[in-house]
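Participant: Give me a model of this one.
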Amino acid sequence: MTSDIAPRSRKVRILATLGPASGDPAMIAKLYRAGADAFRINMSHGDQEDHAKRIAAIRALEKETGRPMTILADLQGPKLRVGSFEGDKAVLEEGQSFTLDRDDKLGDRKRVELPHPEIFEALVTGNRLLLDDGRIVLRATDVSDERIETKVEVGGTLSNNKGLNVPDIVLPLKALTDKDRADLNFALDQGADWIALSFVQRPEDLAEARKIIQGRAALLAKIEKPSAVRRIDEILEAADAVMVARGDLGVEMPPEAVPPLQKQIVEKARMLGRPVVVATQMLESMVKAPTPTRAEVSDVATAVYDGADAIMLSAETAAGEWPEEAVSMMDDIAVAVEADPSHWARVHFTETLPDATSADALAQASGGIAQTISAAAAICYTTSGSTARRLSRERPTVPVLVLTPRLKTARRLGLLWGAHAVHTRDVASFEEMVAKAKRMALRAGIAKGGNRVIVIAGVPFGTPGSTNVLHIVQLTGDELRRHTKKAMDEDGL
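Facilitator: Numbers count the residues shown, from 1 in each chain. Model (predicted):
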């Protein structure tokens, strides 16, 4: 087994969605080599057998490379759809009346079935209904238990089973459907590291998923509805991470509202130390073309400048014609942005105030110390990953090498800004901690003889939440010469 211990040349993470264009082991390996740090399994498409094969390929690649691989299983969530039409479609004209009812007969240009009693229960006169990703807009004029009378504000052709969004209300729907519960249990059995929860409207929506997960994976809340935006602070407290799902947000909200919301959510997440993923249509034109538009390049760059932990590719890698090139392009953009001399200052526009804990105090201090002494790297020991998250929140200028004895922890850190996690044996003493930190820094290529590195850990070792040590060590030329294959074996690599 070879060990890819050297970190990426950038700190923002890349999350690539797998699908028909990228499901075979050879392509998954190419995406990793091109720059993918984590892989998204979209439970909305494909069956569990396909997903199991992709997960097995990721774990095989992990074994081959010696690098912990991060897997995010993205649950579908409730899908609201209208019924079917005679002739499979109907043309709705602006200004006409149109009825949504609970009759399962085929629809026409005047009416169609809406098989979701929750909408009849929650909707009131004046609320909007958006159909077919917002292409058709209806306004409710009268609502009863069996019928919703509407006026067409934006017309168009509506075909069978098109999706429906109701942005003005909180629907009495749980975030988990029966399909989601089955997919969630499947993903946990397969060893997924992160679970992404769709259709989050309120913090309470995360409770059922938490109960099923029972600590076996971390929970990411997708922010895709106005109701979630209104309660973003509470959702951030309840979740382990969030995703700015801009595609769905852009359907339920005016497009011009999405960019400032993206910045606000990224900032709030960073202040709380929650990883934040920016997603949807980042390099959309690369589904068909080998290069992106300049606007898309700027869009990706903005997320990197804002300090997002991860940027995501969806259809570009799942179903596009240029999946490897899309990852490579995103990697190139991120590397170029992080090389900009103004990048560090822009990332630190967001002030991340520490909690009154020793762990937060040490994480905050490490950034200033690294600059003052021109440290080559920050190295942290962690069991649960909390030390790494605190350190990452500070967005340090130096590489962050995370050493953990728990493979599960190393895998989860694949969505964390700047964190390069290595699964290795634990240490039992302060002297062993220092010696291993030096060896790992040399092996990763982030330090050399004569450099100083910062080491953060907790004593007693192996106790989660005990971060209380910050130590500065200097590497010598003798230590570089003693860097041998025997040491690699001793470290459990």
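Participant: show me what contacts Ala319?
Facilitator: Contact analysis of Ala319 by CB atoms under 8 Å, 6 or more residues apart in numbering lists 19-21, 287. Heads up, the C-betas are built off the backbone N, CA and C, glycines and all.
Participant: Any of these buried? List them.
Facilitator: Buried by 16 or more other CB atoms under 10 Å: 19, 21, 287, out of the contacts of Ala319.
Participant: on that earlier part again, redo the contacts of Ala319 as JSON lines? Include secondary structure.
Facilitator: Output for the contacts of Ala319, formatted as JSON lines (DSSP: H, G, I helix; E, B strand; the rest coil):
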{"residue": "Gly19", "secondary structure": "coil"}
{"residue": "Pro20", "secondary structure": "coil"}
{"residue": "Ala21", "secondary structure": "coil"}
{"residue": "Val287", "secondary structure": "helix"}
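Participant: coming back round to it: can I get the buried ones among the contacts of Ala319 in TSV including pLDDT and distance to Gly163?
Facilitator: What follows is those, written out as TSV (pLDDT from 0 to 100; distance: CB to CB, whole Å):
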residue	pLDDT	distance to Gly163
Gly19	97	19
Ala21	96	23
Val287	97	20
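Participant: what about the residue nearest the centre of the chain, which helix or strand?
Facilitator: For the chain, the residue nearest the mean C-alpha position is Val277 (4.0 Å; CA atoms, centre = their mean). In this structure, Val277 is located in strand 276-279 according to DSSP states H and E.
Participant: Note down every partner strand of that strand and its orientation.
Facilitator: strand 241-245 (parallel), strand 310-313 (parallel) (DSSP bridges).
Participant: continuing past it, what's the next helix or strand?
Facilitator: Of the helices and strands lying after strand 276-279 in sequence (DSSP H and E), the nearest is helix 294-305.
Participant: all helices for the stretch 51-200 of the chain, in order.
Facilitator: 117-122, 178-189 (DSSP state H, counting those that start in this stretch).
Participant: need the ones you listed in TSV with mean pLDDT, distance to Asp108 and mean neighbour count, can you?
Facilitator: Listed next are the helices of the stretch 51-200 of the chain as TSV, based on pLDDT from 0 to 100; distance: least, CB to CB, whole Å; neighbours: other CB atoms under 10 Å:
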stretch	mean pLDDT	distance to Asp108	mean neighbour count
helix 117-122	95	20	16
helix 178-189	98	30	17
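Participant: check contacts around Val398.
Facilitator: For Val398, the contact set (CB under 8 Å, 6+ apart) comprises 370, 375-378, 454.
Participant: at 10 Å instead, please
Facilitator: Residues near Val398 by CB atoms under 10 Å, 6 or more residues apart in numbering: 366-367, 370-371, 374-379, 418, 446-447, 453-454.
Participant: any chance of the helices of the stretch 51-200 of the chain in CSV, plus distance to Val166?
Facilitator: As requested, those are exported to CSV (distance: least, CB to CB, whole Å):
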stretch, distance to Val166
helix 117-122, 6
helix 178-189, 19
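Participant: Determine which of the ones you listed approaches His471 most closely.
Facilitator: Closest to His471 of the helices of the stretch 51-200 of the chain, according to CB to CB: helix 178-189, at 37.7 Å.
Participant: for the closest one, packing partners?
Facilitator: If you count contacts as 3 or more CB pairs under 10 Å, 6 or more residues apart in numbering; DSSP states H and E, helix 178-189 packs onto strand 38-42, helix 48-65, strand 70-74, strand 194-197, helix 205-213.
Participant: Would you format those as TSV with mean pLDDT, distance to Thr141 and mean neighbour count included?
Facilitator: Shown next, in TSV, are those (pLDDT from 0 to 100; distance: least, CB to CB, whole Å; neighbours: other CB under 10 Å):
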stretch	mean pLDDT	distance to Thr141	mean neighbour count
strand 38-42	98	37	25
helix 48-65	97	43	16
strand 70-74	98	37	27
strand 194-197	98	34	26
helix 205-213	97	30	17
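Participant: and Val469, which of these is closest to it?
Facilitator: Nearest to Val469 among the helices and strands packed on helix 178-189 is strand 70-74 (27.6 Å), distances taken as CB to CB.
Participant: Which element, helix or strand, includes Glu325?
Facilitator: Counting by DSSP H and E, Glu325 is part of helix 323-339.
Participant: Quick one: list the elements packing against that helix.
Facilitator: So helix 323-339, by 3+ CB pairs under 10 Å, 6+ apart, packs with strand 13-18, helix 25-34, helix 294-305, strand 310-313, helix 315-318, helix 343-347.
Participant: would you turn these into a markdown table with mean neighbour count and distance to Ala239?
Facilitator: Output for the helices and strands packed on helix 323-339, formatted as a markdown table (neighbours: other CB atoms under 10 Å; distance: least, CB to CB, whole Å):
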| stretch | mean neighbour count | distance to Ala239 |
| --- | --- | --- |
| strand 13-18 | 27 | 16 |
| helix 25-34 | 18 | 26 |
| helix 294-305 | 18 | 19 |
| strand 310-313 | 26 | 15 |
| helix 315-318 | 26 | 24 |
| helix 343-347 | 16 | 22 |
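Participant: ok so, going back, among the buried ones among the contacts of Ala319, find me the one that's closest to Ala187.
Facilitator: Gly19 (16.1 Å).
Participant: domain ranges for the protein?
Facilitator: 13-77+175-340, 86-165, 358-490 (automatic domain parsing).
Participant: Redo the ones you listed as TSV? Include distance to Pro7.
Facilitator: Shown next, in TSV, are the domains of the chain (distance: least, CB to CB, whole Å):
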stretch	distance to Pro7
domain 13-77+175-340	10
domain 86-165	39
domain 358-490	4
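Participant: Minimum distance to Ala6: which of these has it?
Facilitator: The nearest among those, by CB to CB, is domain 358-490 at 5.0 Å.
Participant: where are the low-confidence patches of this protein?
Facilitator: 1-4, 461-466, 477-493 (pLDDT under 70).
Participant: distance of the nearest residue to Phe85 once chain neighbours are set aside from Gly83?
Facilitator: Distances taken as CB to CB, 6 or more residues apart in numbering place Gly107 nearest to Phe85, at 4.5 Å, with adjacent residues excluded. Gly107 sits 6 Å away from Gly83, going by CB to CB, to the nearest Å.
Participant: Understood, closing this out.
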